[in-house]
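Q: can't give you the sequence, but here's the structure:
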């Protein structure tokens with residue numbers, strides 16, 4: 001009689017089983033017969049197997065009495081020889097309770113959720129079809145989960161992985177992982193981004209029953225730490241991050257009406273908004289194909305005639321915010337109190353703290369274009385506050401210039417005119433409401449308000465103009481469809497805050513682009529998680545869920561036995577009720593990993 005260890009591989013996993021076996025004489029000669037299966041738990045360290053087998057044989061012959069587990073095995077062996085039992089053994093051991101300890105406790109809940117959603121989106125299969133190896137798929141998932149849970153640079157990621165249960169959950173060895181492997185994975189991933197994004201968008205469309213009828217497009221910028229001299233896209237331009245001192249790249253993002261990403265592109269840092277539309281539409285067609293009749297929603301930065309004409313040429317419709325000069329052309333209609341209808345904007349499910357707002361809208365048509373005049377008291381107060389702030393800064397700078405001239409510190413007329421020009425450049429939003437000139441005869445700077453323009457500006461405070469070629473929609477439908485564009489702003493906030501897409505430390509163009517791609521992949525996971533909760537009628541954010549899940553952990557239970565051996569069991573802690581609720585909503589298992597049992601040298 002002896003013990004045999006067997007292994008079997010299935011779906012890249014190795015399963016271990018221990019069998020109690022004896023030799024029997026048959027008509028065909030000696031044969032081996034399995035007495036029972038001991039499962040994955042070794043009944044003793046390997047060097048004790050032979051001694052255990054001898055004790056069992058002696059017990060079966062009545063020469064010895066055995067306690068605990070060995071007696072159970074002996075009893076089961078006797079029954080098996082009589083043909084009355086072949087049931088698997090439930091292993092029992094005697095534990096020295098006073099010396100039980102817990103080791104290597106690691107955060108598991110957020111990693112478990114991210115991994116399970118990764119599986120639901122079938123991202124492993126998508127990456128494999130894109131030509132990535134099993135290891136590259138594993139590293140890509142680990143890097144994406146890092147961006148979702150606790151964003152770090154590639155240099156710091158390996159340490160983060162070793163501090164979490166990602167190795168246990170992904171069944172990967174991370175103790176020897178280096179940042180160089182992660183940098184190389186960025187290089188492998190870069191040429192496959194488009195195919196991955198295309199298949200992922202199609203997978204989400206099927207999984208969540210999404211519609212390709214509305215595309216929300218907007219731009220943001222993200223800045224670099226350092227000079228990024230080896231990245232030709234890193235340039236200075238209009239910074240949405242209030243970092244004009246840093247080089248940047250511009251990111252274009254297209255979402256559907258439910259907030260799922262359809263396509264993204266990385267542009268030069270000095271690209272103007274209006275120049276990006278055609279490039280982004282090309283990228284969108286590559287990702288999702290032509291969707292004739294769909295509606296593209298963009299902000300006023302792209303609401304120029306050539307852009308709108310291009311949208312129409314591609315068989316698409318548009319809803320855009322009109323430019324300020326177009327809004328001014330409807331001044332009389334804004335002043336006319338007749339014809340307004342009120343709509344109520346309910347709080348976004350993604351922002352439940354937001355209050356209800358009431359907006360008045362009025363529909364007008366001209367040259368096959370539908371115009372929606374909008375005015376909001378809340379926006380009026382905001383516009384007034386912004387104008388007051390700029391007005392105060394303008395007045396302070398004008399007074400400073402006057403004091404310089406009056407004190408004789410600035411005498412030359414040419415220099416004074418240059419100072420006035422610089423003043424106008426510094427305050428373009430407010431300078432148009434004033435006339436400022438230098439009176440050479442009296443050596444004074446005079447500043448006079450333009451009353452008519454200021455009155456017009458006051459009238460238009462809190463107003464904006466929408467326009468579309470959709471004749472089939474009501475004013476209310478047009479307004480509500482345009483308001484969906486705020487979801488792109490929410491996406492940018494998610495990319496920049498919990499996913500930490502900025503600042504960028506990479507100095508190579510392809511690694512910068514892949515870094516942003518990993519952030520977009522993490523955004524796909526975030527959107528899928530939050531969408532599941534919205535479907536269940538619960539309005540919460542990934543940030544909140546991440547904090548709640550942090551207390552679900554994986555740990556190693558060290559169990560010294562009374563006979564001097566040490567059994568270790570690595571497994572997840574019992575989920576708390578809040579964890580169970582989250583897992584149930586996301587339709588994922590509560591068990592974060594299968595327990596791993598092993599015997600340890602007592603001297604360790």
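A: That came in fine, so what should we check first? None of these values were measured; they are calculated from a predicted model.
Q: count of neighbours near the closest residue to residue 572 other than its chain neighbours?
A: Distance criterion CB to CB, 6 or more residues apart in numbering; nearest residue to residue 572, sequence neighbours excluded, is residue 592 at 4.0 Å. C-beta: built from backbone N, CA, C; applies to glycine. By other CB atoms under 10 Å, the residues close to residue 592 number 25.
Q: hmm, residue 528 and residue 113 touching each other?
A: No - taking contacts as CB atoms under 8 Å, residue 113 lies outside contact range of residue 528: 10.3 Å.
Q: out of those two, which sits in the busier spot?
A: residue 113 (26 against 19).
Q: just the strands in the stretch 301-450 of the chain please.
A: 317-321, 341-345, 357-366, 369-376, 434-439, 444-449 (DSSP state E, counting those that start in this stretch).
Q: strand partners of the third one, parallel vs antiparallel please.
A: The partner list of strand 357-366 in its sheet, established with DSSP bridges, is strand 341-345 (antiparallel), strand 369-376 (antiparallel).
Q: residue 246: which of those is closest?
A: Each of the strands paired with strand 357-366 has some distance to residue 246 by CB to CB; the shortest is strand 369-376, at 34.4 Å.
Q: out of the strands of the stretch 301-450 of the chain, which gets nearest to residue 569?
A: strand 341-345 (54.1 Å).
Q: any idea which element residue 253 lies in?
A: Assigned by DSSP states H and E, residue 253 belongs to strand 248-255.
Q: heading C-terminal from that strand, find the next helix or strand.
A: strand 261-268.
Q: ok so, going back, please identify the deepest-packed of the strands of the stretch 301-450 of the chain.
A: strand 317-321 (a mean of 23; mean count of other CB atoms under 10 Å).
Q: elements contacting that strand?
A: Of the remaining helices and strands, those touching strand 317-321 by 3 or more CB pairs under 8 Å, 6 or more residues apart in numbering; DSSP states H and E are strand 295-298, helix 305-313, strand 463-468, helix 475-483.
Q: now render these as JSON lines, adding mean neighbour count, distance to residue 567 and mean pLDDT.
A: Listed next are the helices and strands packed on strand 317-321 as JSON lines, based on neighbours: other CB atoms under 10 Å; distance: least, CB to CB, whole Å; pLDDT from 0 to 100:
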{"stretch": "strand 295-298", "mean neighbour count": "25", "distance to residue 567": "61", "mean pLDDT": "94"}
{"stretch": "helix 305-313", "mean neighbour count": "15", "distance to residue 567": "67", "mean pLDDT": "94"}
{"stretch": "strand 463-468", "mean neighbour count": "22", "distance to residue 567": "69", "mean pLDDT": "94"}
{"stretch": "helix 475-483", "mean neighbour count": "18", "distance to residue 567": "60", "mean pLDDT": "93"}
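Q: need the strands of the stretch 301-450 of the chain in JSON lines (columns: distance to residue 137).
A: JSON lines is the format used below for the strands of the stretch 301-450 of the chain (distance: least, CB to CB, whole Å):
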{"stretch": "strand 317-321", "distance to residue 137": "39"}
{"stretch": "strand 341-345", "distance to residue 137": "43"}
{"stretch": "strand 357-366", "distance to residue 137": "45"}
{"stretch": "strand 369-376", "distance to residue 137": "47"}
{"stretch": "strand 434-439", "distance to residue 137": "62"}
{"stretch": "strand 444-449", "distance to residue 137": "65"}
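Q: could you dump those to CSV with distance to residue 296 and mean pLDDT?
A: Shown next, in CSV, are the strands of the stretch 301-450 of the chain (distance: least, CB to CB, whole Å; pLDDT from 0 to 100):
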stretch, distance to residue 296, mean pLDDT
strand 317-321, 5, 95
strand 341-345, 22, 87
strand 357-366, 20, 90
strand 369-376, 15, 93
strand 434-439, 38, 92
strand 444-449, 40, 92
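Q: low-confidence regions, the stretch 501-604 of the chain specifically.
A: 603-604 (pLDDT under 70).
Q: hey, where'd the helices end up in it?
A: 509-535, 542-549, 577-586 (DSSP state H, counting those that start in this stretch).
Q: starting at the chain centroid, how far to the last one?
A: Mean-position distance between helix 577-586 and its chain equals 20 Å (CA atoms, centre = their mean, to the nearest Å).
Q: in it, which residues are buried?
A: For helix 577-586, the neighbour count (16 or more other CB atoms under 10 Å) marks 579, 582-583, 585-586 as buried.
Q: can you check the first one too?
A: For helix 509-535, burial by neighbour count (16+ other CB under 10 Å) applies to 509, 511-533.
Q: now stretch 532-548
A: For stretch 532-548, by 16+ other CB under 10 Å, it's 532-533, 540-542, 545-546, 548.
Q: residue 166: which of those residues is nearest?
A: Out of these, the member with the shortest distance to residue 166 (by CB to CB) is residue 546, at 14.3 Å.
Q: what sits closest to that closest one if chain neighbours are left out?
A: In space, residue 546 is closest to residue 110, 5.0 Å off (CB to CB, 6+ apart).
Q: returning to what we had before: want to try JSON lines for the helices of the stretch 501-604 of the chain, with distance to residue 419 as columns?
A: Formatted as JSON lines, these follow (distance: least, CB to CB, whole Å):
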{"stretch": "helix 509-535", "distance to residue 419": "40"}
{"stretch": "helix 542-549", "distance to residue 419": "48"}
{"stretch": "helix 577-586", "distance to residue 419": "61"}
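Q: which one of those lies nearest to residue 291?
A: helix 509-535 (19.7 Å).
Q: least trustworthy helix or strand in this structure by mean pLDDT?
A: In the chain, no helix or strand scores lower on mean pLDDT, DSSP states H and E than helix 68-81, which sits at a mean of 53.
Q: following element in sequence after it, please.
A: Using DSSP H and E, the first helix or strand after helix 68-81 is strand 101-107.
Q: what sits against the residue nearest to residue 546?
A: Counting by CB atoms under 8 Å, 6 or more residues apart in numbering, residue 110 makes contact with 148-149, 545-546, 549-550.
Q: closest to residue 393 out of the buried residues of stretch 532-548?
A: Distances from residue 393 to the buried residues of stretch 532-548, taken as CB to CB, are shortest for residue 541 (35.4 Å).
Q: mean confidence score for the strand ranked longest in the chain?
A: The longest strand of the chain (DSSP state E) is strand 13-26. Strand 13-26 carries an average pLDDT of 73.
Q: in its sheet, what does it sit against?
A: Here, using DSSP bridges, strand 13-26 pairs with strand 2-10 (antiparallel), strand 29-37 (antiparallel).
Q: and those, which one averages the lowest pLDDT?
A: strand 29-37 (a mean of 70).
Q: just confirm residue 111 contacts residue 166, I think it does.
A: Yes - with contact defined as CB under 8 Å, residue 111 reaches residue 166; the gap is 5.0 Å.
Q: from the rest of the structure, what touches stretch 222-233?
A: 234, 239, 241, 243, 246-249, 251, 266-269, 496, 501-509, 512, 516.
Q: could you rerun that using 7 Å?
A: 234, 239, 241, 243, 246-249, 251, 266, 268-269, 501-505, 507-509, 512 (CB atoms under 7 Å, 6 or more residues apart in numbering).
Q: now do the buried residues in it.
A: Applying 16+ other CB under 10 Å to stretch 222-233 flags 222-224, 228, 231, 233 as buried.
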